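Asker: Test case, fold it:
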Amino acid sequence: MSARIILVRHGRSAHVHTGWIDAAGFQRWRDAYDAAGLLPGERPPSALRALATQAGAVVASDLPRARASAELLLPGGEIATSALLRELEQPALPLGNARAPLAVWALAIGLRKAYGALRAEPPPAAHQRQAAEAAEWLIGLAAQRGSVLAVTHGWLRELLAQALAERRWRREHVSGRYAHWSAWTLTDGRRSGS
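Answerer: Take a look at the predicted model:
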């Protein structure tokens, strides 16, 4: 059986925001979001818990919502944390004092990212470096343990999957697409000779 890496997006954050914010407010929201754990009562799907118990290693971002998610997936188990799995910094657009709901800020950031992709603009070098280092770390763990379940974040997971694909890892299964608790399973294509 080939090595396997499962990239899981964390559960729902306890930090909830309502109202309108400007760019500075967006950064304050981001800081509070990064400091928050999980929504009380949050529970992972049972199929995902089964994957965690079968994994040779469970690792997570060192941010509270990812650590807490990993602890729910593998209660009492050994979980390594790493800043390599932290979410990528997404600065607010420089719109001066413009105020908008958080969903509008998130949409604007997503559109900026999509526009860059359409223009074939590479992600920032720091983001590429982080994803490449995380990919190498996970590949090393998978080589030692057979399978790794990594609890991470939405933006990083996408770039990390690309970094793994560049290293001939294939996406075999997607559960939940981009939702909280969604899982992307990748296998080592180098070993199968493809």
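
Asker: which strands and helices sit next to the helix or strand bottoming out on mean pLDDT in the chain?
Answerer: Lowest by mean pLDDT, DSSP states H and E among the helices and strands of the chain is helix 102-118, with a mean of 87. The helices and strands touching helix 102-118, judged by 3 or more Cβ pairs under 8 Å, 6 or more residues apart in numbering; DSSP states H and E, are helix 23-35. Every C-beta, even on glycine, is put in place using the N, C-alpha and C of the backbone.

Asker: Tell me which helix or strand the closest residue to residue 88 other than its chain neighbours sits in.
Answerer: In space, and not counting its chain neighbours, residue 88 is closest to residue 155: 4.4 Å by Cβ to Cβ, 6 or more residues apart in numbering. Secondary-structure assignment from DSSP states H and E places residue 155 in helix 154-166.

Asker: Report the spatially closest residue to residue 26, excluding sequence-adjacent ones.
Answerer: Here the residue nearest residue 26, using Cβ to Cβ, 6+ apart, is residue 92, at 3.9 Å.

Asker: Show me the helices in this structure, by range?
Answerer: Listed in chain order, the helices of the chain (DSSP state H) span 23-35, 46-54, 64-73, 102-118, 125-145, 154-166.

Asker: most packed of those?
Answerer: helix 64-73 (a mean of 23; mean count of other Cβ atoms under 10 Å).

Asker: Need the phi and psi values for the residue nearest in space to the middle of the chain.
Answerer: Central residue of the chain (Cα atoms, centre = their mean): residue 153, 2.1 Å from the mean position. Dihedral pair for residue 153: phi -130, psi 160, per degrees, to the nearest 10.

Asker: list the contacts for it?
Answerer: 9-10, 61, 63, 66, 85-88 (Cβ atoms under 8 Å, 6 or more residues apart in numbering).

Asker: which one of the residues you listed has the most neighbours?
Answerer: Neighbour counts for those peak at residue 10, which has 31 neighbours (criterion: other Cβ atoms under 10 Å).

Asker: And the pLDDT for residue 191?
Answerer: Residue 191 is assigned 64 on the pLDDT scale.

Asker: go on, residue 92?
Answerer: In this model, residue 92 carries a pLDDT of 75.

Asker: Report the separation between it and residue 31.
Answerer: 12 Å (Cβ to Cβ, to the nearest Å).

Asker: State the number of residues packed around the residue nearest to residue 170 when sequence neighbours are not counted.
Answerer: Once flanking residues are discounted, residue 170 sits nearest to residue 189: 4.6 Å by Cβ to Cβ, 6+ apart. Residues contacting residue 189 under the criterion other Cβ under 10 Å number 16.

Asker: Cool, thanks, talk later.
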